[in-house]
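K.L.:
Any chance you can model this:
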Amino acid sequence: MKKKLILQVTFIMITVAVFAQNKEEKKLIIETIEQQDQKFTTFYKNSQADSLAGLFSPNCHVAREFSNIVEGRENVLAMYNKDFKDGMKIVSCSFKVIEHKVYDDLVLEIGTNTLEYTKGPNKILFRDSYNYMFVWKKSKEGKYQIRSAMWNSMKNPSN
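P.N.:
Numbering: from 1, shown residues only. This next block holds a predicted model:
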């Protein structure tokens, strides 16, 4: 009876310790993702297409509104290079995370993104807000990279 009680108490202590460790690990992972979001914002504001593309995994998928799905880091680089070459200049970019879900080496991030940018020869100011979803995947090197990304505007296109 005493041995059984000791085993039960030991099992409960291990379970609590694992839960606490997992909670701490998840917190560290989310902090890492938030740092990656900050890098994304900085690179985007500074028109750094190479650095932006480096946040994506080699076999990523990106779905933006009114365009085909972009596959692969090289094509993501081409997409951002085209945006910046076409005269898009970011004035401000911010993320508001609604939720992070951590699943082993994957993190699902859902939120909203507000973007102000100028475009064209007259530098017309555009402002838009987007819903977004990132799937971050931990690489073999231990870095979290965007495996999948999706944005869609909150503006009603008929307005």
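K.L.:
The residue nearest the centre of the chain and residue 27: what is the separation?
P.N.:
Taking Cα atoms, centre = their mean, the centroid of the chain lies closest to residue 134, which sits 4.2 Å from it. According to Cβ to Cβ, to the nearest Å, residue 134 and residue 27 sit 18 Å apart. Every C-beta, even on glycine, is put in place using the N, C-alpha and C of the backbone.
K.L.:
And the helices in this structure, which stretches?
P.N.:
Taking DSSP state H, the helices of the chain run over residues 2-45, 49-54, 73-85.
K.L.:
Which of those helices has the lowest mean pLDDT?
P.N.:
Mean pLDDT values for those show the minimum at helix 2-45, a mean of 72.
K.L.:
Next up, the contacts around the nearest residue to residue 65 once chain neighbours are set aside.
P.N.:
What sits nearest to residue 65 in space, not counting adjacent residues and going by Cβ to Cβ, 6 or more residues apart in numbering, is residue 152, at 5.1 Å. Taking Cβ atoms under 8 Å, 6 or more residues apart in numbering, we find residue 152 in contact with 65, 130-132.
K.L.:
tell me which of the residues you listed is nearest to residue 58?
P.N.:
residue 132 (21.1 Å; Cβ to Cβ).
K.L.:
was I right about the closest one contacting residue 115?
P.N.:
No - Residue 132 lies out of contact with residue 115 (Cβ atoms under 8 Å); the separation is 10.4 Å.
K.L.:
what's the burial count for residue 95?
P.N.:
By the criterion of other Cβ atoms under 10 Å, residue 95 has 17 neighbours.
K.L.:
If you could redo that for residue 70, that was the one I meant.
P.N.:
20.
K.L.:
What of residue 79?
P.N.:
By the measure other Cβ under 10 Å, the count of residues near residue 79 is 17.
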